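Enquirer: sequence first, then the predicted structure, then my questions.
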Amino acid sequence: MRYRYADILAVVTGLAMVALAVATAVMRGL
Amino acid sequence: MSLNHRSQEGRRRFLAGAFGIALYLALALAPLLLMLFADAPAGRERWRELSVALGFGGLSILMLQFAVSARLRRLKAPYGVDVVYHFHRQITFVALGLVLLHPVLLFVFEPATLGLLDVFSAPWRARMAVLSVVALLGIITTAIWRRSFALSYERWRLVHDILAIVLVSAATTHVALVGHYVSTPWKRSLWVAYAAMTILLVLWVRLGKPLVRLRRPYRVTRVCAEGPEVWSLAFEPVGHRGIHFEPGQFAWITLGRSPFSLEEHPFSFSSSAAGTGSFEVSVKELGDFTSRIGATEPGTVAYIDGPFGAFDPERYPAPGHVFIAGGVGITPFMSILRTSADRHDPTPTTLFYGAPTLERLVFAEEITALTTRFPLAFVPVVQEPPAEWSGESGYLDRDVLERHIDSPLEQEYFLCGPPPMIEGVIRTLSAMGVPQRRIHYERFDFV
């Protein structure tokens, strides 16, 4: 179960990173 | 340990674990949050902003890997170091995806940038980017295919460390040379702080911790054969109070070498955690190092990095505990059983212990004796028993487990043994309806 939580944290970190990158592109991009 | 104390410990551990995860996410996402909300240079095309943001995201994950992989006991304690290394490995693939998307977006939207891959004519900022990606790919391939590269564990660690330092140095230089997003003081400060953190962590792990260990030596006091190819080594502290660990934990041990040596080996404690600073480990002859373990001379100096690990049944109060050991996987359970006996643990416990032959059922006599000291049921399972054997034989299958476990859905299960056995038992327990959260094990076969 601990391994599954670690997998989930890795995926959540990646998705949060992509979401923030897209937000950056939308808000700051020309 | 009282139930009240255990629940307090559990709450404290949960809070520490949640804080660690929140801190990790905050540090990983900080560069992108700063890009969004702090003072920033003029915006550029959307695809370029997306590409750059993904690159920064990947780099912040990779820099934090120095903290994730460092053996910092307080940080690792809530989760268990094995699962942190699992995360370390999984998040690398996330970082790889982000880092590769960064140039790929550039190449797609501005194909002329493909010319930057020509390292002979490209500017230094591009060369550094290529070098960092090559180092990252080197890290991943040598970790996955270490044995195919014929790399010993120690040599792999050295390669891994060097490539990691090359990777972040080259990537940070790339960011500095491009300069666009580090032109504002906030962002420059952030990356300087991250770079400083990686340097300090490397210095602490490679110099600071060994220096601390140098002042806390141990001495081997006894080496004894427990059975075929299994040895127990006893250690005592020299000039200090020694180590205090929880049952089921382990430590990296450097035997007969300097604490700065890269050659160290993880061994489970097998002695009672109720000890007074001394301890024992039990080791099976498996690899180059362990095949010589029985020849260790009493008096040999040792250095200990630990304790680590979360394989501690006391963390999981339940109506009953079931321990399932295969072969030398019995060693952490010896520590757990001896500690339970010393602490008069009232938890009903069932130990299943599988071995190929009766001779290889090491510690069996002592375990039988421990059944009189606390509520322990001992179920040895011998694959090829002698004719007079009246106990369980063959493999640890569902029939064997169900014959000896009352209310299987209410127990907490702890597994230690060869990976194929662990996987088989997990499948069996799942088929019996045992939820995954009640099955506990540690894995150390990542590289």
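Expert: Arrived safely, thanks for sending. These numbers were taken from a predicted model, which means no experiment stands behind them. Residues are numbered from 1 along each chain as shown, chains lettered A, B, ... in the order given.
Enquirer: which helix or strand contains residue B:251?
Expert: Under the criterion of DSSP states H and E, residue B:251 resides in strand B:250-255.
Enquirer: shaky segments in the stretch 51-200 of chain B?
Expert: Judged against pLDDT under 70, the stretch 51-200 of chain B has no low-scoring part.
Enquirer: what parts of it come near chain A?
Expert: B:53-54, B:57-58, B:61, B:79-80, B:83-84, B:86-87, B:90-91, B:93-94, B:97-98 (CB under 8 Å from any CB of the partner chain). C-beta: built from backbone N, CA, C; applies to glycine.
Enquirer: out of these, which sit inside helices?
Expert: Mapping these onto helices (DSSP state H) picks out B:53-54, B:57-58, B:61, B:83-84, B:86-87, B:90-91, B:93-94, B:97-98.
Enquirer: which two in those residues are spaced the farthest apart?
Expert: B:53 and B:83 (29.2 Å; CB to CB).
Enquirer: pick out whichever of these two has more residues nearby.
Expert: residue B:53 (28 against 22; other CB atoms under 10 Å in any protein chain shown).
Enquirer: not counting its neighbours along the chain, what's nearest that one?
Expert: Spatial nearest neighbour of residue B:53, chain neighbours left out: residue A:21 (3.6 Å); criterion: CB to CB, 6 or more residues apart in numbering or on different chains.
Enquirer: just the element for that neighbour, please.
Expert: Using DSSP H and E, the element containing residue A:21 is helix A:2-28.
Enquirer: and that helix, what does it pack onto?
Expert: helix B:3-37, helix B:46-69, helix B:81-109 (3 or more CB pairs under 8 Å, 6 or more residues apart in numbering or on different chains; DSSP states H and E).
Enquirer: quick one: it to helix B:81-109, angle?
Expert: On the basis of axes from the mean of the first three to the mean of the last three CA atoms, to 10 degrees, helix A:2-28 is oriented at 30 degrees to helix B:81-109.
Enquirer: from residue B:271, how far off is the closest residue in space to residue B:60 that isn't next to it in sequence?
Expert: Sequence neighbours aside, residue B:31 is the residue nearest to residue B:60 in space, at 4.8 Å (criterion: CB to CB, 6+ apart). Separation of residue B:31 from residue B:271 (CB to CB, to the nearest Å): 46 Å.
Enquirer: go on, residue B:292?
Expert: 22 Å.
Enquirer: you'd agree residue B:370 is up against residue B:377?
Expert: No: Residue B:370 is beyond contact range of residue B:377, at 10.9 Å (criterion: CB atoms under 8 Å).
Enquirer: which of the residues in stretch B:299-309 are buried?
Expert: With burial defined by 16 or more other CB atoms under 10 Å in any protein chain shown, the residues of stretch B:299-309 counted as buried are B:300, B:301, B:302, B:303, B:304, B:305, B:306, B:307, B:308, B:309.
Enquirer: can you get me a residue count around residue 29?
Expert: No chain was given, so I picked chain A. 16.
Enquirer: please go with chain B instead
Expert: Residue B:29: 19 neighbours (other CB under 10 Å).
Enquirer: rewinding a little: please say which of residue B:370 and residue B:377 ends up with more neighbours.
Expert: Each of residue B:370 and residue B:377 has its neighbours counted (other CB under 10 Å); residue B:370 has more, 19 against 15.
Enquirer: closest residue of chain A to chain B?
Expert: Nearest to chain B in chain A, going by CB to the nearest CB, is residue A:29, at a distance of 3.0 Å.
Enquirer: go ahead and build a PyMOL selection from the buried members of the residues of the stretch 51-200 of chain B next to chain A.
Expert: Applied in PyMOL, the following selects the buried portion of those according to 16+ other CB under 10 Å:
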select buried, chain B and resi 53+54+57+58+61+79+80+83+84+86+87+90+91+94+98
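Enquirer: just give me how far stretch B:298-306 sits from the chain centre.
Expert: Averaging C-alpha positions (CA atoms, centre = their mean, to the nearest Å) puts stretch B:298-306 21 Å from its chain's average.
Enquirer: only C-alpha atoms, please: export that stretch in PDB.
Expert: Below are the C-alpha coordinates for stretch B:298-306, written out as PDB (Å, rounded to 0.1, in the frame of the first residue of the first chain):
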ATOM      1  CA  PRO B 298      35.900 -10.700  16.400                       C
ATOM      2  CA  GLY B 299      37.300  -7.200  17.100                       C
ATOM      3  CA  THR B 300      36.700  -6.000  13.500                       C
ATOM      4  CA  VAL B 301      35.700  -2.300  13.600                       C
ATOM      5  CA  ALA B 302      32.300  -1.400  12.100                       C
ATOM      6  CA  TYR B 303      30.400   1.800  11.300                       C
ATOM      7  CA  ILE B 304      26.600   2.000  11.300                       C
ATOM      8  CA  ASP B 305      24.300   4.200   9.300                       C
ATOM      9  CA  GLY B 306      20.800   3.800  10.700                       C
END
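Enquirer: which residues are in contact with the residue of chain A closest to chain B?
Expert: B:43, B:44, B:45, B:46, B:47, B:48, B:49, B:50 (CB atoms under 8 Å, 6 or more residues apart in numbering or on different chains).
Enquirer: name the nearest residue to it, ignoring sequence neighbours.
Expert: Nearest one to residue A:29, counting by CB to CB, 6+ apart, is residue B:46 at 3.0 Å.
Enquirer: same deal with residue B:174?
Expert: residue B:128 is the one closest to residue B:174 (CB to CB, 6+ apart), at 4.0 Å.
Enquirer: point me to the residue of chain B nearest chain A.
Expert: Closest point on chain B to chain A, by CB to the nearest CB, is residue B:46, at 3.0 Å.
Enquirer: so what's residue B:443 closest to, chain neighbours aside?
Expert: Closest to residue B:443 by CB to CB, 6+ apart is residue B:82, at 5.7 Å.
Enquirer: I figured the residue nearest to residue B:53 hits residue B:33, correct?
Expert: No: Residue A:21 sits out of contact with residue B:33 when judged by CB under 8 Å, with a separation of 11.3 Å.
Enquirer: strands of the stretch 151-300 of chain B, start to end?
Expert: B:218-227, B:230-237, B:250-255, B:265-268, B:279-284 (DSSP state E, counting those that start in this stretch).
Enquirer: per-residue confidence at residue B:43?
Expert: pLDDT recorded at residue B:43 is 69.
Enquirer: pLDDT of stretch B:305-318, averaged?
Expert: For stretch B:305-318, the mean confidence score works out to 91.
Enquirer: can you get me the start-to-end distance on it?
Expert: End-to-end distance for stretch B:305-318: 31 Å, by CA to CA, to the nearest Å.
Enquirer: check stretch B:386-405 too.
Expert: So stretch B:386-405: terminal residues 25 Å apart, CA to CA.
Enquirer: who touches that stretch?
Expert: B:320, B:322, B:324, B:326, B:350, B:352, B:354, B:358, B:377, B:379-385, B:408, B:411, B:421, B:424-425, B:428-429, B:431-432.
Enquirer: so of these, which ones are in strands?
Expert: Using DSSP state E, the members of the contacts of stretch B:386-405 that fall in strands are B:320, B:322, B:324, B:326, B:350, B:352, B:354, B:377, B:379-382, B:411.
Enquirer: tabulate these (TSV), appending distance to chain A.
Expert: Putting these into TSV (distance: CB to the nearest CB, whole Å) gives the following:
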residue	distance to chain A
B:320	19
B:322	16
B:324	16
B:326	19
B:350	21
B:352	20
B:354	23
B:377	25
B:379	25
B:380	28
B:381	25
B:382	31
B:411	15
